[in-house]
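> Here is the input, now give the coordinates:
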Amino acid sequence: MTIKNEKTVTDKHVEDLRKAIEHRATWMYLLIDEFRKVNPKDWEKLARAAIFRCGCFHGNTRFTKNGDLREFAKEFANETVRKIFEMDVVELTEDRLVIDFHYCPLVAAWCQFTQNREEINMLCDIAMEGDRGIISTFPEFSMELQKTIAAGEGVCRLSITKKKRDD
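Below you'll find the model as predicted:
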């Protein structure tokens, strides 16, 4: 499967924000590339830990902590973020949030350095440590990454579920 990552929303504000995200993805790619050279054994573990910490930081500083998945959805998938990643909220209930991402500026940045789909898929999974870190700051939520553009699946599908009291 080839990676399909084509944007349809192209207004200037959204493009400026995408460029900032692409710049950050470029930093990530080059830092990881240097980590691989210096520490071929542990680079992935270190990269995942750093990005997870970043997610935890954002989870603790940018989101309201009231356990309400609908309120979380408003902050996590606000209008600007939805335009950048061309997100569709597929499902939003008290217990479940499912979002499809139709475009990824990170994948766009990584494709400038490599066409190796396995490498891009791995970079995507490492980058998703940020979202895993955010969700980890909500003990009542769990997250599942069901599909990714990086794996050639056409969309990224993220499912966030409110844990039942027995979980």
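> For Gly133, give me its contacts.
With contacts taken as CB atoms under 8 Å, 6 or more residues apart in numbering, Gly133 has the following neighbours: Ile51, Phe52, Arg53, Cys54, Gly55, Cys56, Phe57, His58, Gly59. Backbone N, C-alpha and C define where each C-beta goes, glycine included.
> List only those of these flagged as buried.
Neighbour counting by 16 or more other CB atoms under 10 Å classes Ile51, Phe52, Gly55, Cys56, Gly59 among the contacts of Gly133 as buried.
> isn't the fourth one right up against Ile135?
What it means is Cys56. No - no contact is recorded between Cys56 and Ile135 when judged using CB atoms under 8 Å, the distance being 9.7 Å.
> Grab the nearest non-local neighbour of the spatially most central residue of the chain.
By CA atoms, centre = their mean, the mean C-alpha position of the chain lies nearest to Met128, the distance being 4.5 Å. The shortest distance from Met128 to any non-neighbouring residue, by CB to CB, 6 or more residues apart in numbering, is to Leu145 (5.6 Å).
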